[in-house]
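>>> sharing a sequence plus its predicted fold:
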Amino acid sequence: MVPRGAIRAVSCTTDSIHCLGRHEWVQFREKIPVAEYAKLREQFHADRFDADRIAEMAVQAQMHYITITTRHHDSFSLFRTKQSDFQSLQSPARRDLIAEMAKACSKHGLGLCLYYSHGRDWKASACAQQRRMGWQRAPRLRPTRSRVRLR
């Protein structure tokens with residue numbers, strides 16, 4: 001599993017002990033307000049993301065597929081979307097990391113599994129965690145089913 005996203009922009013000290021537990025749940029665990037967390041988009045560069053190298057390592061490890069997080073609970077998308085500007089293409093990275101990963105997997109004969117968190121979106125007003133964390137006053141809404149069309 002390849003986790004990526006705005007959280008990778010959260011700086012850690014050189015002492016790795018300070019980074020322990022600071023991963024994709026950092027916004028929730030450290031009670032970072034949605035508006036403050038959204039600023040991390042401007043620090044997301046993805047300089048060290050090399051889809052081809054990841055695919056090469058997977059082949060060397062005799063893996064058959066790669067699973068990558070396309071969008072986690074923080075709502076930061078690593079692909080082009082019209083639904084939000086909270087995405088890698090609207091960050092300093094200016095890259096569609098999922099398209100890069102798909103191309104690399106195809107090139108190396110690997111399957112690609114996409115992890116997309118849609119049931120727990122911390123930017124959505126109906127999210128139970130927003131109310132519990134006091135991020136904002138969110139109305140209680142009944143979830144609706146949405147359909148996603150993949151091309």
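Received the coordinates, thanks.
>>> show me where this structure has its helices.
Secondary structure of the chain (DSSP state H): helices located at 26-29, 34-38, 51-60, 97-107, 128-133.
>>> out of those helices, which comes closest to residue 79?
Relative to residue 79, the nearest member of those by CB to CB is helix 97-107, separated by 4.0 Å. Every C-beta, even on glycine, is put in place using the N, C-alpha and C of the backbone.
>>> which strands or helices does that closest one pack on?
Packing partners of helix 97-107 (3 or more CB pairs under 8 Å, 6 or more residues apart in numbering; DSSP states H and E): helix 51-60, strand 65-71, strand 111-116.
>>> ranking these by burial, who's on top?
strand 65-71 (a mean of 19; mean count of other CB atoms under 10 Å).
>>> could I get the helices and strands packed on helix 97-107 as a markdown table with distance to residue 35 and mean pLDDT?
Converted to a markdown table, the helices and strands packed on helix 97-107 look like this (distance: least, CB to CB, whole Å; pLDDT from 0 to 100):
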| stretch | distance to residue 35 | mean pLDDT |
| --- | --- | --- |
| helix 51-60 | 31 | 96 |
| strand 65-71 | 19 | 92 |
| strand 111-116 | 23 | 93 |
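>>> residue 26 is nearest to which of these?
Using CB to CB and comparing these, the one that lies nearest residue 26 is strand 65-71, at 14.1 Å.
>>> how near is residue 39 to residue 33?
As defined by CB to CB, to the nearest Å, residue 39 lies at a distance of 10 Å from residue 33.
>>> again with residue 97
Here the distance between residue 97 and residue 33 works out to 26 Å (CB to CB).
>>> tell me which of the two has more neighbours.
Set side by side, residue 97 and residue 33 give different neighbour counts by other CB atoms under 10 Å, the larger being at residue 97 (23 against 12).
>>> what's the pLDDT at residue 151?
At residue 151, the pLDDT value in this model is 53.
>>> again with residue 140
Residue-level confidence at residue 140 comes out at 45, pLDDT.
>>> equivalent analysis for residue 109, please.
Residue 109 is assigned a predicted lDDT (pLDDT) of 97.
>>> distance of the nearest residue in space to it that is not next to it in sequence from residue 66?
Closest residue in space to residue 109, ignoring its immediate chain neighbours: residue 59 at 7.6 Å, by CB to CB, 6 or more residues apart in numbering. With the distance defined as CB to CB, residue 59 ends up 10 Å from residue 66.
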